[in-house]
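S.K.: Provide a 3D model corresponding to the input given below.
(2 chains)
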Amino acid sequence: MAEEVVLLDFWPSPFGMRVRIALAEKGIQYEYKEEDLRNKSDLLLKMNPIHKKIPVLIHKGKPVCESLIQVQYIDEVWHGKSPLLPSDPYQRANARFWADFVDKKIYDLGRKIWTTKGEEQAAAKKEFIESLKLLEGELGDKTYFGGDNLGYVDVVLVPFYNWFYVYEKCGNFTIEEECPKLIAWAKRCLQKESVAKSLPDEEKVYGFVLQLKKAFGIE
Amino acid sequence: MAAEEVKLLKTWSSRFGLRVVWALKLKGIQYDAIDEDLSNKSALLLQYNPVYKKVPVLVHNGKPISESLVILEYIDETWKQNPILPEDPLEKARERFWAKFNDEKLLPSIWGAFTKEGKEREEAIAAAVENLKFVEEELKGKKFFGGEKIGLADLAFGWLAYLICVFDEVTGFKIVDERYPLLLAWMQEFSQLPIAKDNCPPHDKLVIKYQALYEKLHPAK
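M.R.: Presented below is the predicted three-dimensional model:
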């Protein structure tokens, strides 16, 4: 049965990338619709009237919003293939905890790194690295956060990898120096087709950020 | 059946801890409550939640879980009676969306209206009004956010049922007013539930606490 799946997205969004990876892991065909965030489509405003944000997953005409909720939805609907969340409730809780941690820390701190300077940027860099180190601790010696296979936390975190270049250039530091295990993990993820085809080139992302900085008058 | 050991680290007034209490009560789970003094955090709390050092923390057979919404889903998956999440993935997504909306939008905007001053307060009130409109809309044709029975979203919004009146009393400003009849009706229904009636912090004690906080944040000029 042909399932109608549409993804409203914006190419550099790490939140959109999570959904692309999840759909690819499950082998789901879908229609990708690029949104112009300065001129949001009627469909986007209709499907996500509360937040008016991407990504929006539309399945059989019904919208699902918020990337963590979308990834869990995808995992539950297409549960037969490549499970992203473990079956044990405690391990599931652990995965949800760390996915929530990524959401609380990585995006906002990363944003501060490329939009601020001086003390504010230094503080953001410090907390950013501390957060990555905590994630490294959680990864331990595992191949992926999900164990032998890509799991929920991998899908949630890896899209920020090609934003690391942006943070490094703007913040003038090297993440690999501080968190080599995490970088090694990210490179392993990129060996997977579902990840490689869902993440745009980091130079392209950096170019986009430079344009944004110019447009908003950020140094 | 193996003996279950369930502990809950919280504080007497923690609204996030309370939603876990409600879930445990709903499912009839016996647990030991440990009320923390957040100005003097116990070694146990620091050991069980090293990342955030916050309450609530659920400890099940020695294994800790932090973050209230994560805890609620764990409880629901571990003890199947009186489910708080539906089976259908789309309905589950809807419950999660609204629980998140409370935590990331509604609660912070109302808290901002309570704690901030001047322009920031005006902005928080404007955001709260907008957020309350969405919540009111969501309740159309429903008794609870979960439908006929309470669910994850109701537990997330539950703090409104007992804390909004405290804020009203302390600030002299009613934020959930007659513009939101469905929400007011929901607050009534929720507060009448056995789990809520028997397990809310004492109103007078809350007024004292929030009055003190309010005066500290808004010193009389």
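S.K.: For residue 102, grab phi and psi.
M.R.: Went with chain A since none was named. phi -60, psi -50 (degrees, to the nearest 10).
S.K.: Chain B was what I was after
M.R.: The phi/psi pair for residue B:102 (degrees, to the nearest 10) reads phi -60, psi -50.
S.K.: Now do it against chain A, distance only.
M.R.: Distance of residue B:102 to chain A, given as CB to the nearest CB, to the nearest Å: 12 Å. C-beta: built from backbone N, CA, C; applies to glycine.
S.K.: Tell me if residue A:69 really is in a helix.
M.R.: Yes. Checked against DSSP: H, G, I helix; E, B strand; the rest coil, residue A:69 lies within a helix.
S.K.: wait, isn't it in contact with residue B:99?
M.R.: No. Applying CB atoms under 8 Å as the test, residue A:69 and residue B:99 come out as separate, 9.7 Å apart.
S.K.: Comparing the two, which residue is more hemmed in?
M.R.: residue B:99 (26 against 19; other CB atoms under 10 Å in any protein chain shown).
S.K.: Am I right that the more buried one is in contact with residue B:152?
M.R.: Yes. If you go by CB under 8 Å, residue B:99 and residue B:152 touch, sitting 5.0 Å apart.
S.K.: Overlap of the contact sets of those two?
M.R.: Shared contacts of residue B:99 and residue B:152 (CB atoms under 8 Å, 6 or more residues apart in numbering or on different chains): B:69, B:72.
S.K.: tell me which residues form a beta bridge with residue B:33?
M.R.: For residue B:33, the beta-bridge partners under DSSP bridges are residue B:8.
S.K.: could you list every residue that touches it?
M.R.: So residue B:33 contacts B:7-8, B:10, B:21 (CB under 8 Å, 6+ apart).
S.K.: for residue B:87, same thing?
M.R.: Contacts of residue B:87 (CB under 8 Å, 6+ apart): none.
S.K.: Can you report phi and psi for it?
M.R.: Torsion angles, degrees, to the nearest 10, at residue B:87: phi -80, psi -40.
S.K.: And for the one 4 residues further on?
M.R.: Torsion angles at residue B:91 (phi, psi; degrees, to the nearest 10) stand at phi -70, psi -40.
S.K.: Tally up the residues packed near it, please.
M.R.: 14.
S.K.: What ranges does chain A have for its strands?
M.R.: Here chain A has its strands, by DSSP state E, at A:5-9, A:31-34, A:56-59, A:62-65.
S.K.: quick one: buried residues of stretch B:175-183?
M.R.: B:175-176, B:180, B:182-183 (16 or more other CB atoms under 10 Å in any protein chain shown).
S.K.: swap in stretch A:178-187?
M.R.: Buried residues in stretch A:178-187 (16+ other CB under 10 Å): A:178-179, A:181-183, A:185-186.
S.K.: and it, average pLDDT?
M.R.: Averaged over stretch A:178-187, pLDDT sits at 97.
S.K.: And the contacts of that stretch?
M.R.: A:129, A:132-133, A:135-136, A:139, A:143-145, A:158, A:161, A:164, A:175-176.
S.K.: where does the chain dip in pLDDT?
M.R.: In the absence of a named chain, this looks at chain A. For chain A, the stretches with pLDDT under 70 are A:1-3.
S.K.: sorry, should have said chain B
M.R.: Looking along chain B with the criterion set at pLDDT under 70, you get B:1-3, B:221.
S.K.: what about 90?
M.R.: Residues of chain B that meet the criterion pLDDT under 90 lie in B:1-4, B:220-221.
S.K.: What segments of it are helices?
M.R.: Listed in chain order, the helices of chain B (DSSP state H) span B:15-26, B:43-48, B:68-78, B:89-101, B:107-115, B:118-138, B:152-157, B:159-171, B:181-192, B:194-197, B:203-217.
S.K.: Deepest-packed of those helices, please.
M.R.: helix B:152-157 (a mean of 26; mean count of other CB atoms under 10 Å in any protein chain shown).
S.K.: Which strands or helices does it pack on?
M.R.: helix B:15-26, helix B:68-78, helix B:89-101, helix B:181-192 (3 or more CB pairs under 8 Å, 6 or more residues apart in numbering or on different chains; DSSP states H and E).
S.K.: redo that, cut-off 7 Å
M.R.: Applying 3 or more CB pairs under 7 Å, 6 or more residues apart in numbering or on different chains; DSSP states H and E, one finds that helix B:152-157 contacts helix B:15-26, helix B:89-101.
S.K.: what's the last one packed up against?
M.R.: Applying 3+ CB pairs under 7 Å, 6+ apart, we find helix B:89-101 packed against strand A:62-65, helix A:67-77, helix B:152-157.
S.K.: Distance check, the nearest residue to residue A:8 once chain neighbours are set aside against residue A:40.
M.R.: Counting by CB to CB, 6 or more residues apart in numbering or on different chains, residue A:56 is the residue found nearest to residue A:8 once chain neighbours are left out, at 4.2 Å. Applying CB to CB, to the nearest Å, the value for residue A:56 to residue A:40 is 11 Å.
S.K.: neighbour-wise, which of those two wins?
M.R.: residue A:56 (26 against 15).
S.K.: Show me what the more buried one bridges to in the sheet.
M.R.: residue A:8, residue A:65.
S.K.: My guess is the residue nearest to residue A:8 contacts residue A:6. True?
M.R.: No. Residue A:56 is not in contact with residue A:6 according to CB atoms under 7 Å; the separation is 8.2 Å.
S.K.: Between the helices of chain B, which one is closest to residue A:95.
M.R.: Minimum separation from residue A:95 across those (CB to CB) falls at helix B:68-78, 9.3 Å.
S.K.: Summarise which helices and strands the closest one is packed against.
M.R.: Against helix B:68-78 (3+ CB pairs under 7 Å, 6+ apart) you get helix A:89-115, helix B:15-26.
S.K.: Residue A:166 reaches residue A:205, doesn't it?
M.R.: Yes. Look at residue A:166 against residue A:205 with CB under 7 Å: they come within range, at 5.9 Å.
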